[in-house]
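Asks: sharing a model that was predicted from the sequence below.
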Amino acid sequence: MTVPHDAVANLARDVVGRRREAELVIAALAADRHVLLEGPPGTGKSTLLRHVAQVLGLGFEFVEGTAELTPARLIGSFDPALVLSEGYVPDIFVDGPLVRALRNGSLLYVEEINRVPEETLNALVTVMSERELHIPRLGRVAASPGFSLVAAMNPFDAVGTARIAGAIYDRVCRVAMGYQSHDDETSITSVAAGEGDHWVVNAAVSVVRSTRTHADLRTGSSVRGAIDLCVVARELAALRRCAADDDSVTLDAALVALSGRVRLRDGCSRTPEDVITELWREHFSTRTPNEDGPPQGKVESPTMANRTG
């Protein structure tokens, strides 16, 4: 499979800050290999792969990895009602996403593979090794050209995740995806949030990036938190008939957008609202007259932010 260089360049423009990862994924798929994208939520794993599938001209089958993903849901099954009247004939088999991807030569994207039950993973291991699947009463389903498995996973120590078997790791090319740079996340937020105050966008990204390194937080926010902060601030400002960079607006927007996205470290006596308010003060209430507007004074935290229970 040969991929035009300009197609890769176009993909890099569409997926901000991911040129290297795009090249690695495309090269692995062009070499007929399976791929594992590993990184925290909100780093653009599914966005990258959708664009890669488009560049390569491949179909795309999406599977959400959960504890309820059984082999039957992944592979497909015979329609029970029709089996009673017609028996086990191929025409009444309802293809699942794995079989559709095999038949059509599509990419099978399994999101959060480290939440998938072991029994279901075993079916994937067989397909990855043999590039075919044997289904009782249906027969052999071979992979058409273009089929590959691309799985994504959060770090194994995230809540609800587990280490995946070595049999999976042994059959994939792994691409690690960390958070993008501050400038890249600012660009993403600006585009996704629409027109708005550039200073607010920049400060929102700074708050979000600070949640990832704060001593009291085990898990920080992805860039989605910055996007939500900006769009909520814009709508809240319209309701209150004030500027989107007003202190009361940006603080409340930060609490709404981020307090549910962060996770406190075990034993921490603070609330998420406390930490978000601290980070808001650090990045939002320090504007100087040279920063696109008049200086903003500090405001008191809302009642919720001071709550300790």
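Replies: Sure, I can see it. Numbering: from 1, shown residues only.

Asks: residues near the residue nearest to Leu108 when sequence neighbours are not counted, how many?
Replies: Among residues not flanking Leu108 along the chain, Ala101 sits closest, at 3.9 Å (CB to CB, 6 or more residues apart in numbering). (Glycine included, C-beta is placed from N, CA and C.) By other CB atoms under 10 Å, the residues close to Ala101 number 26.

Asks: now do the contacts for Ala101.
Replies: 59, 61, 107-108, 147 (CB atoms under 8 Å, 6 or more residues apart in numbering).

Asks: so what touches the helix or strand where Val52 lies?
Replies: Element membership for Val52 (DSSP states H and E) is helix 45-56. Contact with helix 45-56 is made by 1, 3, 7-8, 10-11, 14-15, 18, 21-22, 25-26, 29-30, 37, 39, 59-60, 62, 106-107, 109, 111, 146, 150, 152, 177, as judged by CB under 8 Å, 6+ apart.

Asks: which ones among these map onto strands?
Replies: Among the contacts of helix 45-56, the ones falling in strands (DSSP state E) are 37, 60, 62, 107, 109, 111, 150, 152.

Asks: if I look at the first one, how far off is Ala28?
Replies: Applying CB to CB, to the nearest Å, one obtains 10 Å for the distance of Leu37 from Ala28.

Asks: higher neighbour count, the two?
Replies: Leu37 (25 against 19).

Asks: give the contact list for that one.
Replies: 21, 25, 45, 48-49, 150-153, 175, 177.

Asks: what's the burial count for Glu61?
Replies: Glu61 has 22 nearby residues by other CB under 10 Å.

Asks: per-residue pLDDT, it?
Replies: According to the prediction, Glu61 has pLDDT 95.

Asks: tell me who's in contact with it.
Replies: 97-98, 100-101, 106-109.

Asks: any idea how far it lies from Asp228?
Replies: 29 Å.

Asks: kindly report the same for Gly87.
Replies: Distance, Gly87 to Asp228, by CB to CB: 53 Å.

Asks: any low-confidence regions in the stretch 101-250 of the chain?
Replies: For the stretch 101-250 of the chain, the stretches flagged by pLDDT under 70 are 156-163.

Asks: the residue lying farthest from the centre of the chain is in what secondary structure piece?
Replies: Most distant residue from the mean C-alpha position of the chain: Ser85, 43.6 Å away (CA atoms, centre = their mean). Per DSSP H and E: Ser85 is located in helix 80-86.

Asks: please report phi then psi for the residue lying closest to Ala151 once chain neighbours are set aside.
Replies: Spatial nearest neighbour of Ala151, chain neighbours left out: Ile113 (4.0 Å); criterion: CB to CB, 6+ apart. Ile113 adopts backbone torsions of phi -60, psi -20, taken as degrees, to the nearest 10.
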